[in-house]
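Novice: Task: produce atomic coordinates for the following.
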Amino acid sequence: MFSAVPVLPTSSAIEQPVSAGEQPILNKLVEVRNRLAALKKDRGNYYRPNDIVGLYNDLLSQVQLLQGVRVSEHHDDDTFKNRLDAVLDECFQLFSLFYMALGKNKEIPATYVQLVTIKQNFDLMNDTGVYTDDDLEPFKKRLQEIRQLVDAEVSRESEEESGQPTPELQLVLRRLRQCEKELALLEETTQVISDELTPIYEELVHIRRRLTALSFMAHDEAQTEAKELQKRLIEIDDMRVDDRFVDAESGAVAAGQTQVVGLLEECFDRLHDVMAEGSTVPKDMAPLYERLMEIRVQLDKLLLTRRWTLRETDLWSYQVQLQEIDSMRRNGQFKDSTGEPAPQQAQAALNFLLHKCYNLVYKLLSSSEPVAETLMPVHNQLRTLRRCLLEVKKYGGPLSARDLYPYQMKLSSIDNLRTDGKFLDDEGHIPEGQGVVMSLLNECYDLMYELMACEVDE
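Specialist: Purely as a prediction, here's the structure:
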C-alpha cells in the first residue's frame with residue numbers, strides 16, 4: 001500500500017513533526033510548489049507542456065523517495081500525517097489544475113483535484129443531511145467516468161510492468177475509493193426511504209433550502225414566502241397518523257421515518273428562525289459570512305464568463321480559501337468568538353454558502369473542455385460561429401450569397417490557421433484538443449453547406 005498519500009488537513013488531525021529524513025523532501029516540494037505558483041501568476045504567457053510535465057516528474061521522484069523514508073521510519077500507515085502531506089496535497093491539486101489547463105483532462109493527474117472537490121461536497125452533504133438522489137447523480141456519473149479511466153490505466157500498467165501501480169495511480173485510487181465509499185453511505189440514507197415518502201422527502205429538502213435562502217433576505221421581504229412555506233409544512237405534518245407517516249394502502253408505517261420526520265422538524269425550526277426578528281448571523285461571525293458571500297459572487301461571475309476568462313489554475317486561490325474556512329468548523333459546526341457553536345440559523349447560512357461555493361468550484365472543473373489554453377481562442381470562436389449558424393438556420397429564412405459571405409469569411413479565416421491539418425501553438429507544437437476543435441470546425445462547415453444549399457438569388 002502506498003503510504004505517502006497526502007491527507008487533507010482536518011480539524012481533528014494530529015500533525016506529526018517532520019523527521020530529518022523527510023526534511024530535504026519537504027524542501028524540494030516547497031520549491032516545486034513555489035515554481036508552480038510563479039507559473040500560475042504569469043498571465044502573459046501560455047503554459048508550456050514541457051515545463052509542467054517536467055516539474056510533475058520531479059514531484060513523482062520525491063514521492064518515491066518519501067515512500068522509502070516512511071517505510072524505513074515505520075510511518076507507513078495511512079493515518080500518519082505532517083506538514084509534508086499538506087504541501088504534497090497542494091502540489092497534486094495544483095498539478096491537476098495545470099493538466100486541465102493544458103487540455104490533458106483524460107490523464108490521471110487531472111482527476112485528482114476533481115476527486116478532492118467531490119469529497120468536499122460529499123462531506124458537507126453528510127454534515128447537513130440535506131440532499132436528494134438527484135443531487136448525487138452528477139457526482140456519481142463523474143466518479144464512474146474517473147473509475148473507467150483509472151481502471152484502464154491500471155490495466156495498461158499491469159501489462160507493461162509488474163508490481164504495484166505507480167505512486168500517482170495509488171494516490172488517485174485512494175481518493176477515488178474514499179469518494180465511492182462516501183457516495184455509497186449517502187445513497188444508503190436515501191434508499192431506505194419508501195417510494196411513497198420519497199416525494200415528501202424531496203419536497204422537504206427543497207423547502208429547507210428555500211428557508212436557508214430566505215435567511216439572506218431582509219426580514220420583511222422574507223415573510224410572504226415564509227408564510228406560504230409554513231402553510232405547506234403544516235399540510236405535510238397533517239399527513240402523519242399518530243406522529244408517523246403511513247402507507248396509504250396498507251396503513252403500515254412507511255420506511256424512512258427517521259429521515260423524513262427529522263427533516264420536517266428541522267424545517268419547522270428553520271421556519272421559526274426566519275420568521276423571528278433579528279440578524280441571521282451574529283456580529284462576530286459577520287466577517288466570515290461576508291467572505292463566503294464574496295467568494296460565491298466571484299465564482300458565479302466565473303461561471304458566466306469561464307469560456308473567455310477562466311484558467312483552471314485560477315480556481316486554486318478559491319480552493320485554498322474554502323479549505324481554510326472549512327478547517328474552522330469543529331464536528332461540522334462553526335464556533336463563535338466564545339468557542340460555542342453558532343446559532344442554528346447562522347450554522348445553516350454558513351454551511352449553505354460553503355456548500356454552494358464548493359459546488360460552484362466543481363461545476364467550473366467539470367465544465368472544463370479537454371482543450372489546451374493555446375487552442376481556446378480558436379475553440380471559442382468556433383463555438384460562437386456555430387451558435388450563429390444554428391440561429392441563422394433556425395430563424396434566418398432563405399439567404400443570399402451576400403448574407404452568408406461574413407460567415408464564410410470567418411470560417412475560412414479560422415481554417416487557414418491550420419498547418420498540415422493541425423492547429424499549432426506559437427512555438428510550432430501541437431496542443432491538446434485537436435479532435436474537439438476539428439469536430440467543431442467540421443460541424444460549422446456542415447451547417448454552412450446546408451445554408452448554401454438553400455441559398456436564393458439576389
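
Novice: Downstream of the biggest helix by length in the chain, the next helix or strand is which one?
Specialist: For the chain, the helix reaching the highest residue count under DSSP state H is reported as helix 133-160. Past helix 133-160, heading to the C-terminal end, the next element that is a helix or strand (DSSP states H and E) is helix 167-191.

Novice: So what angle separates the directions of that next one and helix 133-160?
Specialist: Angle, helix 167-191 to helix 133-160, by axes from the mean of the first three to the mean of the last three CA atoms, to 10 degrees: 150 degrees.

Novice: Helix 167-191 - what's its average pLDDT?
Specialist: Helix 167-191 shows a mean pLDDT of 90.

Novice: Buried residues in it, which are they?
Specialist: Taking 16 or more other CB atoms under 10 Å as the basis for neighbour counts, the residues of helix 167-191 that come out buried are 167-176, 178-180, 182-183, 186, 190. In short, each C-beta sits where N, CA and C put it, glycine included.

Novice: tell me which strands and helices that helix is in contact with?
Specialist: Helix 167-191 is packed against helix 49-72, helix 108-128, helix 133-160, with contacts defined by 3 or more CB pairs under 8 Å, 6 or more residues apart in numbering; DSSP states H and E.

Novice: make it 6 Å
Specialist: In terms of contacts (3 or more CB pairs under 6 Å, 6 or more residues apart in numbering; DSSP states H and E), helix 167-191 is packed against helix 108-128, helix 133-160.

Novice: roughly how far apart are R270 and R156?
Specialist: Here the distance between R270 and R156 works out to 51 Å (CB to CB, to the nearest Å).

Novice: between those two, which one's more packed in?
Specialist: Here R270 and R156 are compared on neighbour count by other CB atoms under 10 Å; more neighbours surround R270, at 24 against 11.

Novice: and the host helix or strand of the more buried one, C-alpha only, in CSV?
Specialist: Of the helices and strands defined by DSSP H and E, R270 is found in helix 257-275. Extracted in CSV, the C-alpha atoms of helix 257-275 (Å, rounded to 0.1, in the frame of the first residue of the first chain):
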residue,chain,number,x,y,z
GLN,A,257,-39.5,7.8,9.2
THR,A,258,-36.3,8.9,10.8
GLN,A,259,-35.0,10.8,7.8
VAL,A,260,-38.4,12.4,6.8
VAL,A,261,-39.7,13.3,10.3
GLY,A,262,-36.2,14.6,11.3
LEU,A,263,-36.1,16.9,8.2
LEU,A,264,-39.7,18.0,8.8
GLU,A,265,-38.9,19.1,12.4
GLU,A,266,-35.7,20.8,11.2
CYS,A,267,-37.8,22.7,8.6
PHE,A,268,-40.1,24.0,11.4
ASP,A,269,-37.0,25.1,13.4
ARG,A,270,-35.6,27.0,10.4
LEU,A,271,-39.0,28.5,9.7
HIS,A,272,-39.2,29.8,13.2
ASP,A,273,-35.7,31.4,12.9
VAL,A,274,-36.7,33.0,9.6
MET,A,275,-40.0,34.4,10.9
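
Novice: That helix vs helix 108-128, what angle?
Specialist: Computed with the same axes, to 10 degrees, the direction of helix 257-275 lies at 80 degrees from that of helix 108-128.

Novice: Next secondary structure element downstream of helix 257-275?
Specialist: The helix or strand immediately downstream of helix 257-275 is helix 286-309, counting by DSSP H and E.

Novice: Which residues does that following helix contact?
Specialist: Under the contact criterion CB atoms under 6 Å, 6 or more residues apart in numbering, helix 286-309 has outside partners 281, 310, 353, 356-357, 360, 380.

Novice: Ok, stretch 382-393 next?
Specialist: With contact meaning CB under 6 Å, 6+ apart, stretch 382-393 is reached by 410, 440-441, 443-444, 447.

Novice: would TSV of those residues with secondary structure and pLDDT be doable?
Specialist: Compiled in TSV, the contacts of stretch 382-393 are given as follows (DSSP: H, G, I helix; E, B strand; the rest coil; pLDDT from 0 to 100):
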residue	secondary structure	pLDDT
K410	helix	93
L440	helix	93
L441	helix	94
E443	helix	92
C444	helix	93
L447	helix	90
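
Novice: Could you work out the most separated pair of those?
Specialist: K410 and E443 (14.2 Å; CB to CB).

Novice: on that earlier part again, can you list the contacts of stretch 382-393 in JSON lines and add neighbour count and distance to G256?
Specialist: What follows is the contacts of stretch 382-393, written out as JSON lines (neighbours: other CB atoms under 10 Å; distance: CB to CB, whole Å):
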{"residue": "K410", "neighbour count": "17", "distance to G256": "57"}
{"residue": "L440", "neighbour count": "20", "distance to G256": "47"}
{"residue": "L441", "neighbour count": "21", "distance to G256": "52"}
{"residue": "E443", "neighbour count": "15", "distance to G256": "47"}
{"residue": "C444", "neighbour count": "23", "distance to G256": "51"}
{"residue": "L447", "neighbour count": "19", "distance to G256": "50"}
